[in-house]
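In: Turn this into a structure:
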Amino acid sequence: MYPRKGFTMLELLLVVAAIGILAGLVITALNPGARVTETRNSRRRVDVNIILNAVYQFALDNNGALPSGIPTTSDCPGTAGNEICRTGASSCSGLLALTELTDDDRYLVELPVDPSAASGSDGTGYRISRSSTGRVTVCAPEAEDGEVITVTR
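Out: Numbers count the residues shown, from 1 in each chain. Prediction:
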């Protein structure tokens, strides 16, 4: 008989599994906070587009008319008074109610809420405005890591 040299399949699988587990731990341990921040900002990008798509779907169905009350300003993040009110909020005082978008669940079932918005607040954390030429901007002023999340159409 010849002496056996090399590794068995079981030994190789155990080594590969151990390397995979260690790699996963190292990646997670490097900066889990950054991963959470990236996830929240990704959610904000999706939410901003959802709101803007609903506004334009409303406009298509209403001969180009935008939902009432969207203020004409040039600066979405810094403008007070154009934060969107949550669906079912107890009071929309000082907020912009876009109930046209959620009535009868035609465009949205409910307006998206920023992942960092306070649970007791009546605002979504998102702001909306339109330019004098009719272009609509939706933004997420609470974006993290200095990121600016704004979409204009």
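In: what's the spacing between the residue nearest the centre of the chain and residue 127?
Out: When Cα atoms, centre = their mean is applied to the chain, the residue found nearest the centroid is residue 44 (1.8 Å). Residue 44 sits 12 Å away from residue 127, going by Cβ to Cβ, to the nearest Å. Using the backbone N, CA and C atoms, a C-beta is placed for each residue, glycine as well.
In: Mind listing the shared neighbours of those two?
Out: Residues touching both residue 44 and residue 127 by Cβ atoms under 8 Å, 6 or more residues apart in numbering: residue 140.
In: ok, how many other residues are close to the closest residue to residue 46 other than its chain neighbours?
Out: Once flanking residues are discounted, residue 46 sits nearest to residue 112: 7.8 Å by Cβ to Cβ, 6 or more residues apart in numbering. As a burial measure, residue 112 scores 23 neighbours (other Cβ atoms under 10 Å).
In: what's the answer for residue 124, then?
Out: 25.
In: which residues of the protein fall in strands?
Out: 83-85, 123-130, 136-140, 149-152 (DSSP state E).
In: Good, wrapping up.
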